[in-house]
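Peer 1: Sequence isn't available, so here's the structure alone:
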């Protein structure tokens, strides 16, 4: 092939000889040493933000597995719509390892838009969001909402605030909304600070606290709780791509300890543990992934009614309508409420349009899923083990979105004790797990 090229274009072929030879060698398994690593397309993001994610060494033969892992780390930053890598042969038989990125929408102008929350309905949200503040992968959010949920607040996150994966997150705000199934209006004010640290590439930890005041009130009742809550989490994470993994596992444990300031006798410890696994079922083409998850929630201490949880939303057992005040007070589906719970999910995820960057820089794609959920919830752990499980089965779509990773829309049908219900539609952001 190379000789025929010279016969047709002798002078051009002579000039391109070194590059053509190098390219031919690459195609036959030759791995040239990487003499430099370059980045292209980051007009806002500072180079060192990309450089600190790269682990492929210089002056070593090209390792495609390492290059792909570096590409995944860049995508996991959450500020790029698309990340690709390539090797560019040089005349001295070395090569440049080049990463090309497309920056996604990283800042919204001050303005307002309608938003939908599964529990509180529609709200008009306004504010200012900067996803990649100062080009340093920091996130700043300032804004609020009016409607189903009235809120205002500020949030700041820096994943490398104090060096190698030593992070800081700080948030403060207020929310007012009607409780989904209790006849209470909620007024929540909070200040939260967390610091995180990675140990290697897979062990990720976080410690911090939340100072929160919650008021539950209606025309006849007014309860208020002011508490200080230390919290911590530790994760073992080998996922390749966070927003839609095709391989790896995620084991997560988190602890939240509510210590009453007013009243001072309020104490409650929450322990959440989650186990997820992702397996790609095909080798080529649009990926088909089997995703598995099991989650356990435990509580010790003062389990008041206001801290009650439920099943039937987009993050537990889908296919059940959200509970309202009438459903809760009637007791007809008491099996859906409790403090202690176990639930599991099997999802089959298929890419229809793989995520890619559009001409305006934002990401676009489409995925479909089929799911099966199962779970048990009760006020007491002992009773939980003797209960009859809830099931939910259905299908959904996944649409990649800037700043929130992915929009989820699911429709499913619930099943328990030999009976199916009429089904329910669920909305959510980010993957369920």
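Peer 2: Cool, the structure landed. Note that the coordinates shown come from a computational prediction; the quantities given were computed from them, not determined experimentally. Numbers count the residues shown, from 1 in each chain.
Peer 1: CA atoms for contacts and neighbours, from now on please.
Peer 2: Noted.
Peer 1: ok, residues contacting stretch 406-425?
Peer 2: 243, 314, 318-321, 388-401, 426-431 (CA atoms under 8 Å, 6 or more residues apart in numbering).
Peer 1: Mind giving me the PyMOL command for buried ones among the residues you listed?
Peer 2: The following PyMOL line selects those of the contacts of stretch 406-425 that are buried, judged by 16 or more other CA atoms under 10 Å:
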select buried, resi 243+314+318+319+320+321+389+390+391+392+393+394+395+396+397+398+399+400+401+426+427+428+429+430+431
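Peer 1: Which residues does residue 36 form beta bridges with?
Peer 2: On the basis of DSSP bridges, residue 36 is bridged to residue 96.
Peer 1: my guess is it meets residue 95, correct?
Peer 2: Yes - at 7.3 Å, residue 36 counts as touching residue 95 under the criterion of CA atoms under 8 Å.
Peer 1: Who has more neighbours out of the two?
Peer 2: Between residue 36 and residue 95, counting by other CA atoms under 10 Å, residue 95 is the more crowded of the two (23 against 13).
Peer 1: mind checking the SS state of residue 74?
Peer 2: helix (DSSP: H, G, I helix; E, B strand; the rest coil).
Peer 1: How many residues are close by it?
Peer 2: Number of residues near residue 74 (other CA under 10 Å) recorded here: 24.
Peer 1: Over to residue 150?
Peer 2: Neighbours of residue 150 using other CA under 10 Å come to 18.
Peer 1: What of the one 3 residues further on?
Peer 2: Each residue near residue 153 was counted by other CA under 10 Å, and the total is 18.
Peer 1: so what's residue 46 up against?
Peer 2: 135-136.
Peer 1: how near is it to residue 357?
Peer 2: 20 Å (CA to CA, to the nearest Å).
Peer 1: cool, residue 145 as well?
Peer 2: Taking CA to CA as the measure, residue 145 falls 30 Å from residue 357.
Peer 1: Those two - which one has more neighbours?
Peer 2: residue 145 (22 against 18).
Peer 1: what residues are up against that one?
Peer 2: 123-126, 151-152.
Peer 1: For residue 325, which residues are in contact?
Peer 2: 180-183.
Peer 1: if you set the cut-off to 6 Å instead, what comes out?
Peer 2: Counting by CA atoms under 6 Å, 6 or more residues apart in numbering, residue 325 makes contact with 181-182.
Peer 1: Show the model's pLDDT score for it.
Peer 2: Residue 325 carries a pLDDT value of 93.
Peer 1: what are the phi and psi angles of it?
Peer 2: Per-residue torsions, residue 325: phi -60, psi -40 (degrees, to the nearest 10).
Peer 1: The contacts of residue 145 into CSV, with extra columns for pLDDT and secondary structure?
Peer 2: CSV is the format used below for the contacts of residue 145 (pLDDT from 0 to 100; DSSP: H, G, I helix; E, B strand; the rest coil):
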residue, pLDDT, secondary structure
123, 91, strand
124, 89, strand
125, 86, strand
126, 85, strand
151, 96, strand
152, 95, strand
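Peer 1: Tell me the one of these nearest residue 338?
Peer 2: The nearest member of the contacts of residue 145 to residue 338, counting by CA to CA, is residue 151 at 27.2 Å.
Peer 1: Ends of stretch 378-391, what's the gap?
Peer 2: Termini of stretch 378-391 sit 15 Å apart (CA to CA).
Peer 1: buried residues in that stretch?
Peer 2: Neighbour-count burial for stretch 378-391, counted by 16+ other CA under 10 Å, picks out 378-379, 381, 384, 389-391.
Peer 1: Let me know the closest of the residues you listed to residue 281.
Peer 2: Among those, and counting by CA to CA, the member closest to residue 281 is residue 391, at 24.8 Å.
Peer 1: what helix or strand is that closest one on?
Peer 2: Assigned by DSSP states H and E, residue 391 belongs to strand 390-401.
Peer 1: quick one: that strand to chain centroid distance?
Peer 2: In terms of CA atoms, centre = their mean, to the nearest Å, the centre of strand 390-401 is set 15 Å apart from its chain centre.
Peer 1: which strands and helices sit next to it?
Peer 2: Here strand 390-401 is seen to pack against strand 363-378, strand 405-416 when contacts are counted using 3 or more CA pairs under 6 Å, 6 or more residues apart in numbering; DSSP states H and E.
Peer 1: what's the nearest residue to residue 72 if we skip its chain neighbours?
Peer 2: Take residue 72 and drop its neighbours on the chain: the residue closest to it by CA to CA, 6 or more residues apart in numbering is residue 241, 5.8 Å away.
Peer 1: Could you count how many residues lie near the one you found?
Peer 2: The local packing of residue 241 (other CA under 10 Å) involves 18 other residues.
Peer 1: secondary structure class for it?
Peer 2: Under three-state DSSP, residue 241 falls in the coil class.
Peer 1: Next, work out how far apart it and residue 37 are.
Peer 2: Per CA to CA, residue 241 is found 22 Å from residue 37.
Peer 1: Do a quick rundown of the strands in the stretch 151-300 of the chain.
Peer 2: Ranges of strands in the stretch 151-300 of the chain, per DSSP state E, counting those that start in this stretch, are 166-178, 185-199, 203-217, 222-237, 247-262, 267-280, 288-301.
Peer 1: In a markdown table: these, plus mean neighbour count, distance to residue 52 and mean pLDDT.
Peer 2: Formatted as a markdown table, the strands of the stretch 151-300 of the chain follow (neighbours: other CA atoms under 10 Å; distance: least, CA to CA, whole Å; pLDDT from 0 to 100):
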| stretch | mean neighbour count | distance to residue 52 | mean pLDDT |
| --- | --- | --- | --- |
| strand 166-178 | 18 | 13 | 97 |
| strand 185-199 | 18 | 14 | 97 |
| strand 203-217 | 18 | 17 | 97 |
| strand 222-237 | 18 | 19 | 97 |
| strand 247-262 | 18 | 22 | 97 |
| strand 267-280 | 18 | 27 | 98 |
| strand 288-301 | 18 | 30 | 98 |
